[in-house]
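Visitor: give me the fold of what follows.
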Amino acid sequence: MTDPTTYQPHPHIGGRAAALRALAAWRSGADGAPRTVLVTGSGGSGRTRLLTGFLMVADPEYRKRIDTAALDPSTVPPGDLPAPLVFDATGLTADQLLWSVADELVPGADRVEEVRLRLAQPREDLPAVVVADADRAGVLRAPDEPARVAVEVLLPLATAPGVRLLADVSRAQARRLAEQLPAAEVLVVDLDEDPWADPAGLRLQAETALPDPAAAERLAQAAAGPLVVRLAARSAQSVPEGGVPLPHGIGDALDLHAERCGADELTLRRLLAPLALAGPGEPLPLELWAPLASAVAGKDLGPALAGGRHLLMPFFELAGEDAAPAVRIAHPAIAEELRERFSGALREGQRRIANALTATVPGTGPGRWAQAVPYVREQLTGHALEGGLLPELLADPGFLVHAEQVRLRAAVEHLVAAGTELPPIARSWLRLAPLFTRHEAGPGLRAGLLEHACRQDGLPVPDFGLALPWRTLWTRPLPAVTAVTAATAPDGSAVLAAFTPGDGPALHTFDARTGEPVAVDPQQLDRPTDEQREACPVRLAVGGDYVRIWPREDGGPLAAFLSAGPLGGADLTPDGLLLLADAHGVAALQPALPATA
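Guide: Modelled structure (predicted):
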């Protein structure tokens with residue numbers, strides 16, 4: 001029999017044999033193995049690293065690069081099994097993650113209820129499923145998104161017959177899920193607790209990072225987890241003359257390193273604040289680091305940043321390309337530690353960062369948002385939400401159409417749930433938000449659709465600072481329209497004729513230019529002739545929830561109107577007015593046509 005002491009450690013993990021055995025048993029589906037395994041632990045405990053290392057040997061193709069014969073066979077899944085399906089929850093809402101899972105496991109489902117119903121049906125062909133970083137779900141730092149993922153995605157998967165689930169979750173969600181599952185079917189692997197803690201692996205990590213075996217042993221005994229060992233080793237590399245620090249936790253690592261560099265610990269925190277307070281995992285453009293740190297501190301930290309290479313080195317990493325250098329926090333757990341330390345001043349810090357980002361946008365008026373750098377358009381929403389400034393930004397029509405829409409929708413829904421009163425235009429925008437997040441429409445089309453929504457809601461049309469694809473001439477509420485057609489009255493004026501259901505289809509007629517009701521005998525209305533339609537400068541392509549306007553001759557579409565629900569109908573008058581009916585009623589739009597049209 002092979003001596004188990006001769007087994008080599010996993011090449012990526014360097015330990016965690018007990019946890020790897022549990023994951024290998026889960027993957028094998030052997031008798032007595034749990035159907036659901038929940039990996040948890042404190043920030044920096046190595047959950048992501050464990051899952052990555054396990055997936056290396058669980059993937060038949062990748063494992064060819066590893067000498068699995070040298071590993072403990074109980075830590076390696078059977079080689080004849082396919083790779084599990086892997087879903088990364090980082091930055092996704094619960095809805096987005098659910099539909100990613102549904103596309104693979106229950107393709108064709110088009111409603112949440114159908115997804116859950118089909119998952120609950122007994123099946124034998126379902127693959128093993130891995131959900132990584134469930135605690136990092138959400139486009140913003142809203143604490144309820146990981147909880148929603150646990151309830152709306154992980155629990156249905158864990159209870160679905162035939163599904164074997166492995167998920168990386170926070171302790172709170174691990175407890176919550178374990179309480180709702182049969183004890184024999186779930187295993188919680190807490191990497192900070194016996195038997196899953198890995199002191200031998202910490203020693204190996206410290207010995208690999210440090211040339212002094214005695215110092216490595218002391219560090220392994222002091223440190224609370226792999227991230228702390230890594231930070232201490234990087235601190236020793238950054239300031240070699242200070243020996244090896246012995247921090248217990250991440251906070252200790254920050255404090256001890258600042259002391260070793262002869263710096264004020266508060267200065268270190270302020271310099272790292274823009275990275276810690278950014279969106280989860282988001283790189284910060286290097287050019288913004290100094291002004292944002294200075295905004296947080298209330299004084300110029302440019303010199304401290306310029307001379308702080310050794311002070312900052314353990315806690316950040318480079319990101320982005322050479323042409324657009326950026327930086328990010330070295331680990332999400334460092335960001336959480338810094339946010340905890342800022343907890344009393346978090347709102348003020350985010351307010352200062354939001355104001356500093358807004359100040360980088362050149363010019364004045366709504367059109368200036370087109371000139372904002374991508375980081376501002378994508379990340380200002382989160383900073384402004386936590387800083388209490390988002391409601392006033394929502395009154396700016398330029399910000400509404402240029403901001404990244406998924407984050408903006410999540411933030412506005414958070415405000416609504418908290419009972420915040422929205423500006424009127426923001427209420428119109430929120431009505432369209434599902435449409436904006438579903439379609440990759442640019443700011444111009446978003447502005448056009450929001451202009452139309454403002455007219456429907458009785459609001460004045462604001463200046464968006466953009467050329468709009470149309471101008472809404474008028475709207476009229478009219479429910480349940482089933483068809484719309486252009487017609488000509490006896491006096492030659494253009495008419496919108498709309499039909500609604502009843503004992504017989506009811507006809508409603510409006511002046512196509514003004515929207516005023518027109519009293520006319522239906523027998524006296526004339527439909528445009530084929531010659532009149534051919535003379536129209538544009539033509540229509542109409543779908544169930546969209547209209548595209550094309551030039552009469554060859555060429556790409558000139559404009560597109562998207563609807564959040566089925567359209568009741570659409571038509572063109574001979575002179576090119578677009579007549580529409582949707583769930584809110586009927587309307588006439590004047591498309592902005594190029595001169596050649």
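Visitor: okay, Ser4: pLDDT?
Guide: For the record, residue 4 is Pro, not Ser. pLDDT, Pro4: 52.
Visitor: again with Cys536
Guide: On the pLDDT scale, Cys536 is placed at 88.
Visitor: dump the residue contacts of it.
Guide: 552, 572-576 (Cβ atoms under 8 Å, 6 or more residues apart in numbering). The way it works is simple: take the backbone N, C-alpha and C, and place the C-beta from them, glycine included.
Visitor: how far away is it from Asp554?
Guide: Relative to Asp554, Cys536 is positioned 16 Å away (Cβ to Cβ, to the nearest Å).
Visitor: cool, and Ala395?
Guide: Distance, Ala395 to Asp554, using Cβ to Cβ: 43 Å.
Visitor: settle it for me: which of these two has more neighbours?
Guide: Neighbours were counted for Ala395 and for Asp554 using other Cβ atoms under 10 Å; Ala395 has more, 14 against 6.
Visitor: quick check: which ranges of the stretch 401-550 of the chain have low pLDDT?
Guide: Applying pLDDT under 70 to the stretch 401-550 of the chain flags the ranges 503.
Visitor: wait, Glu516 sits on Phe510?
Guide: Yes. The pair Glu516 and Phe510 passes the contact test of Cβ atoms under 8 Å, sitting 6.6 Å apart.
Visitor: higher neighbour count, the two?
Guide: Between Glu516 and Phe510, counted using other Cβ under 10 Å, Phe510 has the larger neighbour count: 22 against 10.
Visitor: the more buried one should be in a strand, yeah?
Guide: Yes. Judged by DSSP: H, G, I helix; E, B strand; the rest coil, Phe510 forms part of a strand.
Visitor: tell me the contacts of it?
Guide: Neighbour list for Phe510: 474, 476, 495-496, 498, 516-518, 586, 588 [criterion: Cβ under 8 Å, 6+ apart].
Visitor: how near is it to Val376?
Guide: Phe510 is 43 Å from Val376, by Cβ to Cβ.
Visitor: swap in Pro211?
Guide: Distance check for Pro211 against Val376: by Cβ to Cβ, it reads 45 Å.
Visitor: could you do Gly544 as well?
Guide: Noted for Gly544: a distance of 36 Å to Val376, by Cβ to Cβ.
Visitor: and the two? Which one has more around it.
Guide: With neighbours defined as other Cβ under 10 Å, Gly544 and Val376 compare such that Val376 has more, 24 against 8.
Visitor: now do whichever strand or helix holds the more buried one: everything it contacts.
Guide: Assessed by DSSP states H and E, Val376 sits inside helix 374-387. With Cβ under 8 Å, 6+ apart as the test, helix 374-387 has contacts from 140-141, 277-279, 282, 284-285, 288, 346-355, 357-358, 360-361, 369, 372, 390, 393, 402-404, 407-408, 411, 414-415.
Visitor: pull the CA atoms of stretch 361-371 into PDB?
Guide: Taking Å, rounded to 0.1, in the frame of the first residue of the first chain, the C-alpha atoms of stretch 361-371 are listed here in PDB:
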ATOM      1  CA  VAL A 361     -17.600  65.500 -16.000                       C
ATOM      2  CA  PRO A 362     -16.800  68.400 -18.300                       C
ATOM      3  CA  GLY A 363     -19.100  71.100 -19.500                       C
ATOM      4  CA  THR A 364     -22.600  72.000 -18.300                       C
ATOM      5  CA  GLY A 365     -26.100  70.800 -19.100                       C
ATOM      6  CA  PRO A 366     -27.500  67.300 -19.700                       C
ATOM      7  CA  GLY A 367     -25.200  66.700 -22.800                       C
ATOM      8  CA  ARG A 368     -22.100  66.800 -20.700                       C
ATOM      9  CA  TRP A 369     -22.700  63.200 -19.500                       C
ATOM     10  CA  ALA A 370     -21.700  61.900 -22.900                       C
ATOM     11  CA  GLN A 371     -18.200  63.200 -22.100                       C
END
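Visitor: now that stretch: buried residues?
Guide: For stretch 361-371, burial by neighbour count (16 or more other Cβ atoms under 10 Å) applies to 361, 366, 368-370.
Visitor: now Gln173: closest residue in space that isn't a chain neighbour?
Guide: For Gln173, ignoring the flanking residues on the chain, the nearest one in space by Cβ to Cβ, 6 or more residues apart in numbering is Ala150 at 4.2 Å.
Visitor: give me the contact list for stretch 416-435.
Guide: Under Cβ under 8 Å, 6+ apart, the answer for stretch 416-435 is 391, 394-395, 397, 400, 405, 408-409, 412-413, 415, 446, 449-450, 453-454, 456-457, 459, 462, 562-564.
Visitor: any of the residues you listed buried? List them.
Guide: 391, 394, 397, 400, 405, 408-409, 412, 415, 446, 449-450, 453-454, 456, 459, 462, 562-564.
Visitor: who's in contact with Leu525?
Guide: Contacts for Leu525 (Cβ under 8 Å, 6+ apart) come out as 487-489, 495, 497, 509.
Visitor: switch the cut-off to 6 Å
Guide: Ala487 (Cβ atoms under 6 Å, 6 or more residues apart in numbering).
Visitor: angles on the backbone of it, please.
Guide: Main-chain dihedrals, Leu525, degrees, to the nearest 10: phi -80, psi 140.
Visitor: for Ala487, same thing?
Guide: The phi/psi pair for Ala487 (degrees, to the nearest 10) reads phi -150, psi 170.
Visitor: show me what it is bridged to.
Guide: On the basis of DSSP bridges, Ala487 is bridged to Val495.
Visitor: quick check: it touching Ser493?
Guide: No. Taking Cβ atoms under 6 Å as the definition, Ala487 is not a contact partner of Ser493, at 9.7 Å.
Visitor: looking only at neighbour counts, state which of the two leads.
Guide: Ala487 (23 against 14).
Visitor: any idea how far the more buried one is from Val163?
Guide: 57 Å.
Visitor: also Gly555?
Guide: Distance of Gly555 to Val163, given as Cβ to Cβ: 50 Å.
Visitor: the two - which one has more neighbours?
Guide: A count of neighbours by other Cβ under 10 Å puts Val163 above the other of Gly555 and Val163, at 20 against 11.
Visitor: now do the same contact list for that one.
Guide: Applying Cβ under 6 Å, 6+ apart to Val163 gives the contacts 126, 129, 157.
Visitor: reformat those as a markdown table; add pLDDT and neighbour count.
Guide: Formatted as a markdown table, those follow (pLDDT from 0 to 100; neighbours: other Cβ atoms under 10 Å):
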| residue | pLDDT | neighbour count |
| --- | --- | --- |
| Leu126 | 83 | 18 |
| Val129 | 97 | 22 |
| Leu157 | 96 | 21 |
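Visitor: now the strands: where do they sit in the stretch 451-597 of the chain?
Guide: 470-476, 483-488, 494-500, 506-511, 538-542, 546-551, 559-562, 569-572, 578-582, 585-591 (DSSP state E, counting those that start in this stretch).
Visitor: need the residues that contact the last one.
Guide: What it means is strand 585-591. With Cβ under 6 Å, 6+ apart as the test, strand 585-591 has contacts from 470-478, 498, 512, 549, 559, 577-580.
Visitor: and the second one, by the same measure?
Guide: The set of residues external to strand 483-488 that reach it, using Cβ under 6 Å, 6+ apart, is 495, 497-499, 525-528, 569, 571, 573, 579, 581.
Visitor: tell me the angle that strand makes with strand 578-582.
Guide: Between strand 483-488 and strand 578-582, the angle comes out at 150 degrees (axes from the mean of the first three to the mean of the last three Cα atoms, to 10 degrees).
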